[in-house]
Each structure stands twice: as structure tokens, then as C-alpha cells.
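Undergrad: coords please:
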Amino acid sequence: MDREGAGPSPTPPRTGRGSKADFPGLLTADGGTWHYLDTAATAQKPQAVIDAMSRALGRDYATVHRGVYSRSANMTLGFEAARRRVADFIGAASENEVVFVRGATEGINLVAQSWGDANIASGDRIMLSQLEHHSNIVPWQLLAERTGAEIDVCPLTGDGRIDLDWLEANLTERHKLVALAHVSNVLGSILGAKRAAKAAHAVGAKILLDGCQSAPRMRLSMAELDCDFFVFSAHKLYGPTGIGVLWAREDILQAMPPWQGGGAMIECVDFGGTTYAPAPQRFEAGTPMITEAIALHAAIDYVEEAAGEGGMEALFEHESRLAATAREELSRFNSVRLLGPEKSAGIVSFVMEGVHPHDLGTILDEENVAIRAGHHCAQPLMQHLGVPATARASFGLYSTEDDIAALVRGIDRTLKIFG
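TA: Residues are numbered from 1 along each chain as shown. Below is the predicted model:
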């Protein structure tokens, strides 16, 4: 397991029953406990984030960057403070390296259409892996179709990790980009990101990390990871939908052409030609996600407070420990096949013999247990695993062993139903 950025031995995070009370979404309609095990899809929101967004939409609301009245000026300060907060959270060198996008998917598409169109040509190669989310496959396929580039797929090790031995042996100077998931959204396997970055840079390629599953549960430092692009979505980090982050080194961003035109991204517009604002504004055409950025700021504040002195490393240990417990409990069932590595981030996928994951998910729902069932937007990985779909339990900072116990009770009931 790659544990980059690991600090001193962590203290327990402020997780468990106490923090569940901060999340109104963790209750059923009649006030009972809802065992939410689908955090890898989207995280529940703490009241602090809901309140921050409500204030931004209400008493504080105004546009940013263009109003001359005080409320607009204050909202601009809050919006740009959110950018600085993100930069600090991910260990960026400057807030100028942080581009607000709608989500990780848009961030990857931005890189593909801006940097990719300018730097990828016919005969070049792009390296992906077998476990990528569709959002880290399709944009590169579209780029390859436009440019005549070719795509290679790095295989997995026997326990479901990206095979870095194979990657190192097969990268060539024709590869211009390597795009990999930092943490698998299906298997919870963790990429040896620094080793992957070293391999990419050794052949002159750039590397993009899909950080959707690492940003909510791992300490991040862009300098330590040594990647060139990093993307994540706020809604998986206990923040709102509709906003995400593209990070890139400032020199790379400044050399990239705009990918969308409109207001806010220009320096001067004339029918004889238009000049563009510097990054990151060059990539934020139109009125930005104002209230979403304010709420993302609140989400990061909440997560770091919940992590306590142990920091994000403590949250990782909390979720990883729950994943290990879940694997141990599920291994008691002869009909359950566990997928992925023994040691992982807080994500566990499995299949039950004779029970489709959708049927399992429906029965668990009757027990107030919410899991994800399906291909998880990773159909090439499903093909590799030889299954059409899996059941997935994923944990967050509010998850406890009670949630695992409820999952096990639901599986017991499922087995009785299916005989």
C-alpha cells in the first residue's frame, strides 16, 4: 500500500456516533438510523456545510468579481478565500493552481480538450489502467479520435492494484500522458503515485491523477505526489454537488489555451481579436459556482476539524480499519467473494453467489442499509473481474462498526430469502 505523506502515529479521529449527529442525512424518515455505505458515490453533508450554503444563497448572496457594492465585494472575498483553502488542503504551491470546475469529470475533459489538443498528436500514446472510472477513459478516447493518438491499458496485479512493474516496463517516449486513479472507486486499491509519476516523467510524459477517492480520505501534497494534474469532486468530500477542482502546476496552466469562451475568462474583447485572463480565471468562463465554493470551504474546515490532531492520516486509518473489519465479517459467508486487496482505502467490493447485486441492494435497503450495486462506471474493470456488477460498501468519517453489523444482518436475511 502506498502511504505517501504519512506522518507520525495518528490519534483517533472524531468519528463514530458523535459525528453522525452532525449529518441530518444519516437518519431515516421516521428518525431511525440509516446505515449509509455509499460514501464513495457521494458523501452525506454535515449541517455546517448545509448552513454555509444556505447563508451564501440567502443573506450573503451576490455575484463575484464584478459588483462594486459591498456585498458583492464580500462575496468575492469569500469565493477567493475558498480557492486559497483548497490550495492549502491539497498542498498546492499557490491558489493560482486551483481551477474550479463542475466536478472531476469536467476537470479531466478540460485537460483533454485544452492541454491534450495542444500537446497530443497522431502517433502519440496515452496510458490508462484497467480499473479506471469511465470519466478517466472516455475523455481520452475522444482525444484519441480527434488526434489519431493511441491508448494503452496498464493491467492489474492479482489483488487488484495497478501493476507498476508493467507500467515501468511498457512506457515509452511515445507516451505523452499517463492518467490513473489515485484510489480505485471499486476496489479501494491505492496507487503508488510517486512511483507512477517517476515512471511517467522518465519518458517525458505528464501524469494526471483522478483524486476523487483520495481527496476525502488521504493527506495530499501536490509537491510530494509530483503529478502534473490532479482532479477531485467536492460532493465526495462532504461538500456540495456542482463543483470540483482541477489542480495543475502554474507553468502548465499558463501555457494551456482556454477551452470555453465567455465572460470572466477574458482580458479584452474586440472583434479584431480577444485576449484572455491568466489562469485560473482563463478556465472559468461565465458566472462561477459561487455558493458551491463557499460550501466547499466549509466542508474542508469540517473534515479537518473531524480529523483532529491526527489529520487526514487518522481519517484514512479509521476508514481502512472499517474496510478490514468488513472484509473479515464478509469472509465468513461461503457464498461471498471479496474483490480487491486485503489492505485498502475504505471501499470493499464483493459478489454473492446466486444473488445479483441489485437484488442484494434492494433487500439491504429494506434493512435501512444503503450500498452501491452495479458496474460503478467501471465496465472495463467488471470485464476484467468477470462479473457484470458488484456490491460495494464504502465508508466515510461518520461510519462505524454498527454499520458493518447492519450490513452483515442484511446479508444473513438475503441468504435466507434466496435459500
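
Undergrad: rest of the way, CA atoms for contacts and neighbours
TA: OK.

Undergrad: tell me the contacts of residue 147?
TA: By CA atoms under 8 Å, 6 or more residues apart in numbering, residue 147 lies in contact with 117, 120-122.

Undergrad: quick one, phi/psi of the residue positioned nearest the centre of the chain?
TA: Nearest to the geometric centre of the chain sits residue 212, at 0.6 Å (CA atoms, centre = their mean). When read as degrees, to the nearest 10, the backbone of residue 212 gives phi -60, psi -40.

Undergrad: Now name the helix or strand holding residue 209.
TA: Here residue 209 sits within strand 206-210, counting by DSSP states H and E.

Undergrad: still on that earlier bit, in PyMOL, how would I select just the buried ones from the contacts of residue 147?
TA: Buried members of the contacts of residue 147, defined by 16 or more other CA atoms under 10 Å, are picked up in PyMOL with:
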select buried, resi 117+120+121
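
Undergrad: The contacts of residue 147 in helices, which ones?
TA: residue 117 (DSSP state H).

Undergrad: Reformat the contacts of residue 147 into CSV and put pLDDT next to each item.
TA: Formatted as CSV, the contacts of residue 147 follow (pLDDT from 0 to 100):
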residue, pLDDT
117, 98
120, 98
121, 98
122, 98
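
Undergrad: circling back to that earlier point, ok, the residue nearest to the centre of the chain touching residue 103?
TA: No: taking contacts as CA atoms under 8 Å, residue 212 lies outside contact range of residue 103: 9.2 Å.

Undergrad: Strands along the stretch 51-200 of the chain, start to end?
TA: Remark: strands assigned in the stretch 51-200 of the chain by DSSP state E, counting those that start in this stretch are 98-101, 125-129, 150-154, 175-181.

Undergrad: how far out from the middle of the chain is the longest one?
TA: For strand 175-181, the distance between its averaged C-alpha position and the chain's averaged C-alpha position is 17 Å (CA atoms, centre = their mean, to the nearest Å).

Undergrad: any common contacting residues for residue 212 and residue 103?
TA: By CA under 8 Å, 6+ apart, residue 212 and residue 103 have these common neighbours: 231-233.

Undergrad: What about those residues, which one has the most neighbours?
TA: Most neighbours among the shared contacts of residue 212 and residue 103, by other CA atoms under 10 Å: residue 233, with 31 neighbours.

Undergrad: Who are the contact partners of that residue?
TA: 102-104, 212, 241, 243-245.

Undergrad: The closest residue to it other than its chain neighbours: neighbour count?
TA: Using CA to CA, 6 or more residues apart in numbering and skipping residues adjacent in sequence, the residue nearest residue 233 is residue 244, 4.1 Å away. Counted by other CA under 10 Å, the residues lying close to residue 244 total 30.
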